[in-house]
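>>> Mind folding the following:
(one chain, ligands or ions: 2)
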Amino acid sequence: MSMLGDAAGGAGRYLDDRLGLAKVVRKNIRKVFPDHWSFMLGEITLYSFIILLLSGTFLTLFFDPSMTETVYNGAYGPLRGEEMSRAYASALEISFEVRGGLIMRHIHHWAALIFIAGMVVHAFRTFFTGAFRKPREINWLLGVALLVLGLLEGFMGYSLPDDLLSGTGLRIAEGVILSIPLVGSYILMFFFGGEFPGVDLIPRMYMVHILLVPGLILALIAAHVGLVTYHKHTQYPGAGRTEKNVVGYPLLPVYAAKAGGFFFVVFGVICGIAALVPINPIWQYGPYDPSEVTAGSQPDWYIGFLEGSLRLMPNWEIEFWGNTLSLNVLIPSLVVPGIMFTIFALYPFIEAWVTGDKREHHILDRPRNQPVRTGLGVMFITSYTILWIAGGNDIIAITFGLSINAITWFMRIAFFVLPPLAFWVTKRACLGLQHRDKDKVLHGRETGILMQLPHGEFIEVHEPITPEERWRLTSQEIQRPAALPASADGNGVAPRGALAGKLRSKVSRWYFEDRVEPATPADVHELESSGGHH
Ligand code: HEM
Ligand code: HEM
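Ligands and ions are numbered 1, 2, ... in the order given. Below you'll find the predicted structure:
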């Protein structure tokens with residue numbers, strides 16, 4: 001044992017003399033991380049990416065990204081004798097002839113779906129808790145870049161096997177590129193190396209899918225998680241937690257063991273799903289042929305909102321100077337998502353401007369204490385969900401025997417009506433929850449036990465809450481609307497930026513006007529000294 005220890009110590013010294021790692025390791029090994037289930041979402045995303053790297057590397061050993069025509073003569077009987085690309089034939093080989101190939105395709109595809117789902121839910125965790133506030137705005141932007149790259153990477157992966165479904169997706173991508181005014185057709189020629197579909201696109205996308213984008217994602221994840229360590233993780237409000245400390249467990253041994261174990265849990269769950277639930281059975285779709293399309297074809301879930309946006313758009317086209325401006329494609333597939341992503345990316349900066357808050361925040365908000373932010377988040381999710389459901393309007397029409405036109409019109413109206421309604425309902429719900437919190441602090445928890453007093457009156461027994469809970473419920477800071485700037489100085493001249501100041505004060509009033517004043521320690525004290533009665 002001691003020989004082993006000596007050897008380990010010797011190896012450690014050898015490496016330290018050459019790499020100088022001891023200082024870095026010593027500094028970080030005891031770093032404390034707070035604990036909460038919602039912090040596992042970032043981890044799930046990270047681990048599914050590692051699984052994508054591992055399973056993707058396996059697939060590269062057998063996948064042939066070539067558009068060379070071949071006549072299929074493999075193990076899958078129904079397609080024997082069909083003409084197809086080498087890419088499609090090799091994806092069939094992976095599925096039917098390579099040992100463990102099919103489950104690897106399933107693992108890769110399921111990990112991709114979970115990677116993006118994990119990322120989206122994680123992004124909303126950071127949004128609803130205000131984790132994007134100073135100093136983490138840049139990390140939020142790195143996150144948005146990761147999300148965009150993830151969507152692109154998933155779409156390209158889906159397109160690689162050159163089956164009928166992947167070709168249908170590429171056909172839509174072609175339409176989207178062509179709708180870009182003036183330069184669309186040049187960009188298309190540049191990407192596709194000529195007319196659609198051509199023979200260059202799949203090999204080009206392959207290099208981007210296995211090398212360029214994963215490399216970028218890896219680098220961004222390193223920076224993203226590096227920044228989490230540098231800023232230290234945020235924590236939920238609770239007794240003993242302040243803006244200046246972090247309450248939790250040290251990296252070693254607790255977090256290393258937890259995270260390591262959790263990686264295998266995520267890996268195990270993905271393998272379990274991949275073994276039980278088949279996904280993307282490309283042999284059923286057949287090889288891509290530009291003249292065909294399967295009924296009910298659907299993209300992977302994360303592309304569904306773009307599909308829905310396209311399906312909802314009225315058929316508007318403008319002719320000008322002999323050119324056609326395809327607003328019916330340009331608006332739903334580039335303008336609408338462009339606006340949605342820009343607002344999403346810039347939100348931390350917009351909120352900081354509205355609140356005028358320049359302080360650092362390491363304690364998270366409870367979503368109910370920020371009714372407008374929470375409402376805006378739910379509004380965003382509602383718009384996204386409507387587009388997403390609209391992407392399956394044909395499936396809904398067939399399943400429920402409805403008219404596809406009626407569904408489309410319903411969704412068009414819903415896209416404008418439901419999001420503001422969702423905002424309003426969420427804001428009211430948040431204010432209701434704030435009321436309940438205040439009530440809990442002042443009168444304790446309702447027990448549901450009714451008691452009759454000697455003089456006949458019925459009361460409900462309230463149980464006092466613990467001091468820890470009271471701390472949690474009263475520790476949020478109260479934000480007030482920004483004051484209106486002075487409209488003119490002594491000489492009647494409006495100061496610079498007065499208009500922006502006015503706008504800011506208006507928006508900030510809208511942000512913070514409706515609120516429930518939380519119980520103050522003075523209220524609690526008063527209540528205690530009066531024996532619990534008002
Ligand atoms: C490949 C994708 C991503 C990976 C692997 C990743 C990983 C992580 C991990 C492991 C953490 C620390 C644990 C946690 O709070 O969950 C974290 C924190 C964070 N992430 Fe991500 N993330 C990704 C994408 C995103 C996206 C899309 C956003 C937002 C648009 C985002 C914003 C943040 C922020 C603001 C924090 C700091 C949270 C805090 O300290 O409370 N991340 N990320
Ligand atoms: C964020 C990372 C990634 C995502 C979201 C992703 C997504 C996908 C998807 C959805 C497919 C279609 C799978 C199917 O046929 O059912 C695919 C195919 C493929 N991916 Fe990835 N992938 C990622 C990273 C990688 C990496 C790092 C590699 C290689 C090192 C790789 C190699 C491949 C190969 C060779 C195929 C074609 C094989 C096939 O379709 O059967 N991928 N990818």
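>>> list the contacts for residue 59?
Residues in contact with residue 59, defined by CB atoms under 8 Å, 6 or more residues apart in numbering, are 94, 104-105, 108. From N, CA and C alone the C-beta is placed, and that goes for glycine too.
>>> Can you tell me the element the residue nearest to residue 205 when sequence neighbours are not counted falls in?
Ranked by CB to CB, 6 or more residues apart in numbering and with sequence neighbours excluded, the top spatial neighbour of residue 205 is residue 156, at 4.9 Å. Applying DSSP states H and E as the criterion places residue 156 in helix 137-159.
>>> Over to residue 448?
With elements taken from DSSP H and E, the one containing residue 448 is strand 445-452.
>>> can I get the CA coordinates of that strand in PDB?
Once side chains and other backbone atoms are set aside, the C-alpha atoms of strand 445-452 remain, and they are given as PDB (Å, rounded to 0.1, in the frame of the first residue of the first chain):
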ATOM      1  CA  ARG A 445     -49.200  27.200   7.800                       C
ATOM      2  CA  GLU A 446     -52.900  26.200   7.400                       C
ATOM      3  CA  THR A 447     -53.300  22.800   8.900                       C
ATOM      4  CA  GLY A 448     -56.800  22.000   7.700                       C
ATOM      5  CA  ILE A 449     -57.800  21.300  11.300                       C
ATOM      6  CA  LEU A 450     -60.900  23.100  12.500                       C
ATOM      7  CA  MET A 451     -61.400  23.900  16.200                       C
ATOM      8  CA  GLN A 452     -64.500  25.100  18.000                       C
END
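>>> how about the helices of the stretch 1-150 of the chain, start to end?
Per DSSP state H, counting those that start in this stretch, the stretch 1-150 of the chain has helices spanning 2-19, 22-29, 40-60, 86-96, 101-128, 137-159. These are given in chain order.
>>> typed the wrong thing, it's the stretch 251-400 of the chain
Assigned by DSSP H, counting those that start in this stretch, the stretch 251-400 of the chain shows helices spanning 256-276, 282-285, 304-312, 327-330, 336-355, 371-390, 393-400.
>>> I'd like those laid out as TSV, including mean neighbour count, mean pLDDT and distance to ligand 1.
Rendered in TSV, the data for those read as follows (neighbours: other CB atoms under 10 Å; pLDDT from 0 to 100; distance: least, CB to the nearest ligand atom, whole Å):
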stretch	mean neighbour count	mean pLDDT	distance to ligand 1
helix 256-276	14	95	9
helix 282-285	16	94	26
helix 304-312	22	94	16
helix 327-330	19	94	26
helix 336-355	16	94	7
helix 371-390	21	96	12
helix 393-400	14	94	28
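>>> would you turn the ones you listed into TSV with distance to ligand 2?
Putting the helices of the stretch 251-400 of the chain into TSV (distance: least, CB to the nearest ligand atom, whole Å) gives the following:
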stretch	distance to ligand 2
helix 256-276	11
helix 282-285	6
helix 304-312	14
helix 327-330	24
helix 336-355	18
helix 371-390	18
helix 393-400	20
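>>> contact partners of stretch 4-15?
Looking at stretch 4-15 with CB under 8 Å, 6+ apart, the contacting residues turn out to be 21-22.
>>> How about the residues of this structure by ligand 1?
With CB under 6 Å from any ligand atom as the criterion, the chain comes near ligand 1 at residues 39, 41-43, 45-46, 49, 119, 122-123, 126, 131-132, 136, 139-140, 143-144, 146-147, 221, 224-225, 228, 233-234.
>>> Give me the buried entries from these.
With neighbours counted by 16 or more other CB atoms under 10 Å, the residues of the chain next to ligand 1 contain buried members at 39, 41-43, 45-46, 49, 119, 122-123, 126, 131-132, 136, 139-140, 143-144, 146-147, 221, 224, 228, 233-234.
>>> Quick check: phi and psi on the one residue in the stretch 151-300 of the chain that gets nearest to ligand 1?
Per CB to the nearest ligand atom, residue 234 is where the stretch 151-300 of the chain lies closest to ligand 1, at 3.4 Å. Summarising the backbone geometry of residue 234 under the convention degrees, to the nearest 10, its torsions are phi -70, psi 170.
>>> Surely it touches residue 131?
Yes - taking CB atoms under 8 Å as the contact criterion, residue 234 and residue 131 are neighbours in contact, 5.0 Å apart.
>>> any residues in contact with both of those two?
Common neighbours of residue 234 and residue 131, counting by CB under 8 Å, 6+ apart, are residue 364.
>>> Low-confidence stretches in this protein?
For the chain, the stretches with pLDDT under 70 are 1-2, 484-496, 528, 530-534.
>>> Let's see that with 90 instead.
1-35, 181-182, 194-198, 236-259, 289-298, 319-325, 354-358, 438-448, 451, 459-534 (pLDDT under 90).
>>> Would you mind listing what in it touches ligand 2?
Proximity of the chain to ligand 2, by CB under 6 Å from any ligand atom, involves residues 49, 52-53, 56-57, 59-60, 63, 91, 94, 105, 108-109, 112, 115, 150, 153-154, 157-158, 160-161, 209-210, 214, 217, 280.
>>> Of the residues you listed, just the buried ones, PyMOL syntax please.
Per 16+ other CB under 10 Å, the buried members of these correspond to this PyMOL selection:
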select buried, resi 49+52+56+59+63+91+94+105+108+109+112+115+150+153+154+157+158+160+161+209+210+214+217+280
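>>> How about the stretch 251-400 of the chain: which residue is closest to ligand 1?
Taking CB to the nearest ligand atom as the measure, the point where the stretch 251-400 of the chain comes nearest ligand 1 is residue 364, at 6.5 Å.
>>> residues in contact with the spatially closest residue to that residue that is not a sequence neighbour?
Closest residue to residue 364 apart from its sequence neighbours, by CB to CB, 6+ apart: residue 129 at 4.0 Å. When contacts are counted by CB under 8 Å, 6+ apart, residue 129 touches 38, 234, 236, 364-367.
>>> and those residues, which two are the farthest apart?
Comparing all pairs in these by CB to CB, the longest separation belongs to 234 and 367, at 13.9 Å.
>>> before we move on, back to that, wait, the residue of the stretch 251-400 of the chain closest to ligand 1 touches residue 241, no?
No - applying CB under 8 Å as the test, residue 364 and residue 241 come out as separate, 9.7 Å apart.
>>> Now the common contact residues for the two.
Shared contacts of residue 364 and residue 241 (CB under 8 Å, 6+ apart): residue 235.
>>> from the middle of its chain, how far away would the helix of greatest length in the chain be?
Here the longest helix in the chain is taken by residue count, with DSSP state H as the criterion, and it is helix 404-443. Averaging C-alpha positions (CA atoms, centre = their mean, to the nearest Å) puts helix 404-443 21 Å from its chain's average.
>>> Then stretch 121-138?
Mean C-alpha position of stretch 121-138 versus that of the full chain (CA atoms, centre = their mean) differs by 11 Å.
>>> For the closest residue in space to residue 303 that isn't next to it in sequence, give me its contacts.
With CB to CB, 6+ apart as the criterion, residue 303 has its nearest non-adjacent residue at 6.0 Å, and that residue is residue 155. Listed by CB under 8 Å, 6+ apart, the contact partners of residue 155 are 169, 173, 299-300, 303.
>>> Same question for residue 213.
For residue 213, the set of contacting residues under the criterion of CB under 8 Å, 6+ apart consists of 149, 152-153, 156.
>>> can you rerun that using 10 Å?
By CB atoms under 10 Å, 6 or more residues apart in numbering, the contact list for residue 213 reads 149-150, 152-154, 156-157, 205, 207.
>>> Which strand or helix spans it?
Short version, using DSSP H and E: residue 213 is in helix 213-231.
>>> what's in contact with the helix or strand just after that helix?
Secondary structure here is assigned by DSSP H and E; on that basis, the next helix or strand after helix 213-231 toward the C-terminus is strand 249-250. Residues external to strand 249-250 that are found in contact with it (CB under 10 Å, 6+ apart): 28-35, 255-258.
>>> Could you turn the buried ones of these into a PyMOL selection?
Here is the PyMOL command that selects the buried residues among these (16+ other CB under 10 Å):
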select buried, resi 31+32+33+34+35+255+258
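>>> Quickly name whichever of the contacts of strand 249-250 is closest to residue 452.
Residue 452 has its nearest neighbour among these in residue 35, at 44.5 Å by CB to CB.
>>> What separation is there between that closest one and ligand 1?
To ligand 1, residue 35 is 11 Å away according to CB to the nearest ligand atom, to the nearest Å.
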